[in-house]
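J.: Fold the following.
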Amino acid sequence: MSNDPALMGDKEFTTTLILCVLLGGLGVHRFYTGHTGIGVVQLLTAGGCGLWTLIDLIQIATGKFKDADGKLLKK
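T.: Next comes the predicted model:
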């Protein structure tokens, strides 16, 4: 993960990870990071029956998940 401030968003890595683990099936982590449309879809599909939530969890844990502005999460 890069430490360049220009590439870092204002959303916290730890908060996003916790929201995904605890409320991922409801898409809460997507709402938090500004992905409202995808958050609604995850809410209606229970996180894509868990598959979409698992993919998001892996992306967050590996530092590849980005906010709605395309910026990396802040550590």
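
J.: could you list every residue that touches residue 60?
T.: Residue 60 makes contacts with 13, 16, 17, 20, 29, 73, as judged by C-beta atoms under 8 Å, 6 or more residues apart in numbering. (Each C-beta comes from the backbone N, C-alpha and C, glycine too.)

J.: What's the mean pLDDT across the helix or strand hosting it?
T.: Counting by DSSP states H and E, the secondary-structure element that holds residue 60 is helix 51-61. pLDDT averaged over helix 51-61 equals 95, rounded to a whole number.

J.: can you check stretch 67-75 too?
T.: The average pLDDT for stretch 67-75 rounds to 94.

J.: Stretch 12-24 now?
T.: Looking at stretch 12-24 alone, the average pLDDT works out to 95.

J.: ok, and for that stretch, which residues are buried?
T.: Of the residues in stretch 12-24, those buried under the neighbour-count criterion (16 or more other C-beta atoms under 10 Å) are 13, 16, 17, 19, 20, 23, 24.

J.: Could you list the paired strands of the lengthiest strand in the chain along with their orientation?
T.: Residue-count comparison of every strand in the chain, with assignments taken from DSSP state E, identifies strand 8-12 as the longest. Using DSSP bridges, the strands paired with strand 8-12 are strand 72-74 (parallel).

J.: And the contacts of the strand it pairs with?
T.: Defining contact as C-beta under 8 Å, 6+ apart, one finds that strand 72-74 is touched by 1-2, 7-13, 16, 33, 60, 63, 65-67.

J.: Show the model's pLDDT score for the closest residue to residue 52 other than its chain neighbours.
T.: Nearest in space to residue 52, with sequence neighbours left out and distances taken as C-beta to C-beta, 6 or more residues apart in numbering, is residue 42 at 5.9 Å. According to the predicted model, the pLDDT of residue 42 comes to 94.

J.: Perfect, I'm done here.
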